[in-house]
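Asker: A structural model of the following input is requested.
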Amino acid sequence: MPSPKKKIFCREIKPHLEQKAEAAYCSLPRTLLEKRYKRLIKFLESKQSEKLGQGCSREVFIHPFKKGWVIKVPFPGSLRANFGEVRTARSGRYPTAKCRMVSLFDLPCVEMERVEIISTPADFGIRREAELAKIRAMTGKKARWQDWFDEIDCHQIGVTKAGKIVAYDLGDKR
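Answerer: Below is the predicted model:
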């Protein structure tokens, strides 16, 4: 006798369907989104996924199944930031950590390659020389200031395992 099908709780939102998915998710009642959000957070806690941070529109956790990746969980009412981030990353406008849109427990989340953080909003305002010193120490390369760093909100940049300097938080940058 075949085993019952497992419920798929995480699936990729294909790029050609993102616009429709964004419209569909954003039209859902807030109470339903809040219920899905709470269920997802409870799941991540049950998997002991460490919470890495929180911004004004989402929380970031260690991915429970993909080593070296994070999950960006949007707050109910702030779904567009995730869609905007993935669109901007795909545009190639900025070097960005690898990422894709997924539906996790029926909530649109971003799966992103984890980076070693150079600069965070809390660090914003430190001198460029200090950020460049961090970049040089992390990459082992001579680095110079890149113009695109200033276009990233609060210089939220990091280094991938491959040593590439990337943006890790683009939010709804269009």
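
Asker: can you pull the contacts of Cys26?
Answerer: Leu79, Arg80 (Cβ atoms under 8 Å, 6 or more residues apart in numbering). Placement of C-beta: from N, CA and C, glycine included.

Asker: How far does stretch 148-164 stretch from one end to the other?
Answerer: 14 Å (Cα to Cα, to the nearest Å).

Asker: Counting by contacts, list what the lowest-mean-pLDDT helix or strand in the chain packs against.
Answerer: Ranked by mean pLDDT, DSSP states H and E, the helix or strand of the chain with the weakest confidence is helix 128-139, at a mean of 72. For helix 128-139, the elements it packs on are strand 157-159, judged by 3 or more Cβ pairs under 8 Å, 6 or more residues apart in numbering; DSSP states H and E.

Asker: For Glu12, list the residues it contacts.
Answerer: Contact analysis of Glu12 by Cβ under 8 Å, 6+ apart lists Arg100, Met101, Val102.

Asker: All the strands of this structure, residue numbers only.
Answerer: Secondary structure of the chain (DSSP state E): strands located at 10-12, 51-54, 58-62, 69-74, 99-104, 107-113, 116-117, 157-159, 165-167.
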